[in-house]
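K.L.:
Below is the structure, and that's it, no one-letter string:
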């Protein structure tokens with residue numbers, strides 16, 4: 001598939017059957033969640049994969065979480081968080097969290113569809129990803145209490161196979177093989193990498209379909 005992807009192809013991709021865990025597994029650590037017992041019940045959360053035009057191509061936005069946060073401190077992630085009582089649905093959660101973290105004007109965004117949920121045993125969350133687009137480059141006003149750094153990543157870079165790498169890490173006393181994306185000078189791994197892997201798989205499926 002060409003690295004040139006437009007919103008029309010993204011729309012077509014999100015009409016296809018989701019590849020789910022089969023695609024997510026390509027970027028999952030091995031063994032997964034080493035040293036962690038899965039929770040009896042997961043708490044639901046949602047993240048937003050936002051597409052927007054910049055410099056002649058589509059971009060996505062990621063954040064590096066502040067080091068003082070209780071969960072996944074310092075990691076690069078999609079904007080998102082836990083469902084709250086006022087949320088009417090998981091899409092509302094994704095949009096609200098993106099608004100709170102990035103200062104986005106979410107009323108101008110168009111929801112395109114959902115990806116498969118990802119369970120995160122270490123934090124006890126089941127994360128539901130939603131894909132949205134903006135017709136123009138958004139104005140970001142990141143919350144300094146949550147966002148240490150904003151990463152605007154060209155989609156073409158994400159689609160480049162050379163961005164994928166793998167290392168052996170020591171996590172919770174266990175040696176783990178960790179695949180990750182090298183994006184914006186950071187290593188993007190874990191649940192975020194799993195979400196991106198399924199999205200890329202869908203784009204490749206749509207790009208190979210007449």
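P.N.:
Received, thanks. On a predicted model such as this, the values are computed, not experimentally measured, just so you know.
K.L.:
Now that residue 96 has come up, it's in contact with residue 84, right?
P.N.:
Yes. Using CB atoms under 8 Å, residue 96 is in contact with residue 84, at 7.5 Å. Heads up, the C-betas are built off the backbone N, CA and C, glycines and all.
K.L.:
Give me the more crowded residue out of the two.
P.N.:
residue 96 (19 against 11; other CB atoms under 10 Å).
K.L.:
buried residues in the helix or strand containing the more buried one?
P.N.:
Under the criterion of DSSP states H and E, residue 96 resides in helix 90-102. Going by neighbour count (16 or more other CB atoms under 10 Å), the buried part of helix 90-102 is 90-99, 101-102.
K.L.:
same thing with stretch 137-151?
P.N.:
138, 142, 146-148, 150-151.
K.L.:
Put together a markdown table for these, with secondary structure, pLDDT and distance to residue 114 on each row.
P.N.:
Shown next, in a markdown table, are the buried residues of stretch 137-151 (DSSP: H, G, I helix; E, B strand; the rest coil; pLDDT from 0 to 100; distance: CB to CB, whole Å):
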| residue | secondary structure | pLDDT | distance to residue 114 |
| --- | --- | --- | --- |
| 138 | coil | 95 | 20 |
| 142 | coil | 93 | 25 |
| 146 | coil | 85 | 23 |
| 147 | strand | 90 | 24 |
| 148 | strand | 89 | 28 |
| 150 | strand | 93 | 24 |
| 151 | strand | 95 | 23 |
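K.L.:
what's the single longest helix in this structure?
P.N.:
helix 190-207 (DSSP state H).
K.L.:
on contacts alone, who are the packing partners of that one?
P.N.:
Helix 190-207 sits against helix 7-13, helix 21-24, strand 43-54, strand 76-77, strand 118-120, strand 125-133, helix 155-159, strand 174-183, with contacts defined as 3 or more CB pairs under 8 Å, 6 or more residues apart in numbering; DSSP states H and E.
K.L.:
how much does it deviate in direction from strand 125-133?
P.N.:
40 degrees (axes from the mean of the first three to the mean of the last three CA atoms, to 10 degrees).
K.L.:
Measure how far helix 190-207 is from the centre of its chain, please.
P.N.:
9 Å (CA atoms, centre = their mean, to the nearest Å).
K.L.:
Flag every buried residue along it.
P.N.:
For helix 190-207, by 16+ other CB under 10 Å, it's 190-207.
K.L.:
what's in contact with it?
P.N.:
Applying CB atoms under 8 Å, 6 or more residues apart in numbering, the external contacts of helix 190-207 come out as 1-2, 5, 9-10, 12-14, 16, 18-20, 23-29, 47, 49, 62, 72, 75-78, 115-116, 118, 120, 127, 129, 131, 158-159, 179-181, 188.
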